[in-house]
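>>> my questions are about this predicted structure, shown below with the sequence.
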Amino acid sequence: MVLEDIFRRPSIPVRLRTPPLGSLFDGFCEWLCSQGYSGITLFRRIWQVSHFNHFLHQAGVNNCRKIERSFAARFLTNHLPRCRCKNQPWKGREGTPGAVRSIMAYLDVRGLLAPPAEEPSGGSVLQGEFLGYLRSERNLGDSSIQKHRQFLVPFLKALGPLATRKGLRRLSPREVHRFFLKHSEKAGPGTRRDVQGFLRIFLRFCLQRGYVKRDLSQAVPKIRRYRLSQVPRGLAEEEIRKILGGIRCVTPVGRRDFSILQILANYGVRGGQVRALKLGDIQWRQERIRFPGQKGGKEVVAPLIREVGESLVDYLRHGRPRSAHSQVFLTTFPPFRPLCPSAVSVLVHARMRRAGVSGRPMGSHTFRHAFASRLLRQGQSIKTIADLLGHRNINTTFIYTKVDFATLRQLPLDWPEVGT
């Protein structure tokens, strides 16, 4: 597809093909079509990118190979909010940031983006070195590295001039303690543990490389946590039926969400396992489904339940967009891509709230707890439950014995009566 296929008036493509981006617009149109854009959305996105092209031309950039990432930030932050461009066809600013991100992604794919003019800062050097350390020496997966990165970036930003190899020598326990309090004061227990774990790993990394003189990981406040101290809070069977019954499977979003919730309810897998599920993991002829292991757990291979299979077929035929991605579940708006790490929990939260289910954790793990509790009530052994949940260590599964009330009632001793 080229510009002439989108714009009927012959003068418009001629007008759009001005430097520095004009020569790339035909290829950009093809790339957008491969991403799932069509119709009026494609039309608008081209106009919005032409606004960015006009800005670059006015800034004296006439070669697409001289476009830097900083130009997009300057356009969105400085030019767009106070745009005074006259006699131009674009109207409104809604969607323009997404269009600019699209053209920058296209330039990146084509290898046309110019390298940054300035040398990388000390913070970016430390960031790259630490993330490489997590991957090569600690052998962490992509999701774990991303979790550390979301705290590493604000930590280096908070350090300011200290975020260099030499500057870290002046790092004091006070800065470490201040950062921990700022990012965990209003957070839940899980986030506090994540901040604590990141700080300790990063500070020990700095000690190992000689960037700090002493082990500052001791300055990270300790969080007292008792093993098996909490009781799993899963959904009741009536609540699961209520949530599933409230989904209208007539739209791509409805078909996708219904299929995801069916998998969570019937297999008790993690949200990340659903997100990572690929087309090849569904073995239709053998009537089996395979979920890759996560968080150090084992992969789970289970029979393909009829209800789950029917919902998957409905989604794959009528809800899933055409895409080169192998993941089963994709976004429903272009560019079509695999779901982000938090997408499954977000959609579960939204479906639970829409069904009026509250009073418990609002995420995908609630279905996992419900699945394990259901198996326990049916008399399944802890070893069987551990295998179905993908636990490598059976001790992880013992927390579900706390909801086995039938067995727990046999344990209390008789209380001796006290005479008055």
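Ah, there it is. Numbering: from 1, shown residues only.
>>> need the per-residue pLDDT for the closest residue to Leu264 other than its chain neighbours.
With sequence-adjacent residues excluded and distances taken as Cβ to Cβ, 6 or more residues apart in numbering, Leu264 is closest to Phe367, at 3.9 Å. In this view, the C-beta of every residue, glycine as well, is placed from N, C-alpha and C. Predicted confidence (pLDDT) for Phe367: 90.
>>> what does the one 3 residues further on give?
Ala370 is assigned a predicted lDDT (pLDDT) of 87.
>>> who's in contact with the spatially closest residue to Pro97 that is not a sequence neighbour?
Closest residue to Pro97 apart from its sequence neighbours, by Cβ to Cβ, 6+ apart: Leu76 at 5.5 Å. Neighbouring residues of Leu76 by Cβ atoms under 8 Å, 6 or more residues apart in numbering: Thr96, Pro97, Val100.
>>> and Leu76, how far is that from Ala99?
Leu76 sits 10 Å away from Ala99, going by Cβ to Cβ, to the nearest Å.
>>> where does the spatially closest residue to Phe333 that is not a sequence neighbour fall, helix, sheet strand or coil?
Leaving aside its chain neighbours, Phe333 sits nearest to Gly36 (7.9 Å; criterion: Cβ to Cβ, 6+ apart). Assigned with DSSP: H, G, I helix; E, B strand; the rest coil, Gly36 falls in the coil class.
>>> count of neighbours near the residue nearest to Leu264?
When neighbours are defined as other Cβ atoms under 10 Å, Phe367 has 27 of them.
>>> which SSE is it in?
Assigned by DSSP states H and E, Phe367 belongs to helix 365-377.
>>> next SSE downstream of that helix?
helix 382-389.
>>> is Tyr106 located within a helix, as I assumed?
Yes - per three-state DSSP, Tyr106 lies within a helix segment.
>>> so who does it touch?
Neighbour list for Tyr106: Leu24, Gly27, Phe28, Trp31 [criterion: Cβ under 8 Å, 6+ apart].
>>> apply 6 Å and report the result again.
The contact partners of Tyr106, taken as Cβ atoms under 6 Å, 6 or more residues apart in numbering, are Phe28, Trp31.
>>> returning to that earlier point: include neighbour count and distance to Arg44 when you put the contacts of Leu76 into a markdown table, please.
Output for the contacts of Leu76, formatted as a markdown table (neighbours: other Cβ atoms under 10 Å; distance: Cβ to Cβ, whole Å):
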| residue | neighbour count | distance to Arg44 |
| --- | --- | --- |
| Thr96 | 21 | 9 |
| Pro97 | 14 | 13 |
| Val100 | 22 | 13 |
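>>> in helices only, show me the residues you listed.
Members of those lying in helices (criterion: DSSP state H): Thr96, Pro97, Val100.
>>> can you give me the pLDDT of the second one?
Per-residue pLDDT puts Pro97 at 89.
>>> over to the last one?
In the prediction, the pLDDT value recorded for Val100 is 91.
>>> same question for Trp47.
pLDDT recorded at Trp47 is 88.
>>> what residues sit buried inside the strand or helix carrying it?
Assigned by DSSP H and E, Trp47 falls within helix 39-58. Using 16 or more other Cβ atoms under 10 Å as the test for burial, helix 39-58 gives 42, 44-56.
>>> closest one to Leu316 out of these, please.
Comparing those against Leu316 with Cβ to Cβ places Leu42 closest, at 24.9 Å.
>>> what helix or strand is the closest residue to the closest one other than its chain neighbours on?
With sequence-adjacent residues excluded and distances taken as Cβ to Cβ, 6+ apart, Leu42 is closest to Leu32, at 5.7 Å. Using DSSP H and E, the element containing Leu32 is helix 25-34.
>>> report the beta-bridge partners for the closest residue to Tyr267 other than its chain neighbours.
Nearest-residue entry for Tyr267: Ala302, 5.9 Å, with adjacent residues in sequence omitted and distances by Cβ to Cβ, 6+ apart. Per DSSP bridges, the residues bridged to Ala302 are Ile289.
>>> count the residues that sit near the residue nearest to Gly22 when sequence neighbours are not counted.
The shortest distance from Gly22 to any non-neighbouring residue, by Cβ to Cβ, 6+ apart, is to Leu16 (6.0 Å). A total of 20 residues lie near Leu16 under the criterion other Cβ under 10 Å.
>>> just to revisit the earlier point, buried stuff in the helix holding Phe367?
Quick answer for helix 365-377 (16+ other Cβ under 10 Å): His365, Thr366, Phe367, Arg368, His369, Ala370, Phe371, Ala372, Ser373, Arg374, Leu375, Leu376.
>>> test my guess that the second one contacts Leu235.
The reference is to Thr366. Yes - using Cβ atoms under 6 Å, Thr366 is in contact with Leu235, at 5.4 Å.
>>> what's in contact with the helix or strand where Arg255 lies?
Using DSSP H and E, Arg255 sits in helix 252-267. Identification of contacts with helix 252-267 by Cβ under 6 Å, 6+ apart yields 240, 244, 247-249, 274, 302, 305, 307-308, 311-312, 314-315, 319, 329, 332, 347, 364, 367.
>>> what angle separates it from helix 365-377?
Angle of helix 252-267 versus helix 365-377, following axes from the mean of the first three to the mean of the last three Cα atoms, to 10 degrees, is 30 degrees.
>>> ok, then the element right after helix 252-267?
Downstream of helix 252-267 (by DSSP H and E), the next one is helix 271-276.
>>> which strands and helices sit next to that next one?
Under the contact definition 3 or more Cβ pairs under 6 Å, 6 or more residues apart in numbering; DSSP states H and E, helix 271-276 sits against helix 343-354.
>>> list the buried ones in the helix it packs on?
Within helix 343-354, the residues that count as buried by 16+ other Cβ under 10 Å are Ala343, Val344, Ser345, Leu347, Val348, His349, Arg351, Met352.
>>> hang on, the third one packs against Arg270?
No - the pair Ser345 and Arg270 does not pass the contact test of Cβ under 6 Å, sitting 10.0 Å apart.
>>> re the thing from before, with respect to Phe179, which of the buried residues of helix 343-354 is nearest?
Using Cβ to Cβ, the buried residues of helix 343-354 come closest to Phe179 at Ser345, 25.8 Å.
>>> leaving out chain neighbours, which residue sits closest to the closest one?
Nearest residue to Ser345 in three dimensions, chain neighbours excluded: Gly363, at 4.2 Å (Cβ to Cβ, 6+ apart).
>>> for the one you found, give me the pLDDT.
81.
>>> before we move on, which element is it in?
Take DSSP H and E as the rule and Gly363 turns out to sit in neither a helix nor a strand.
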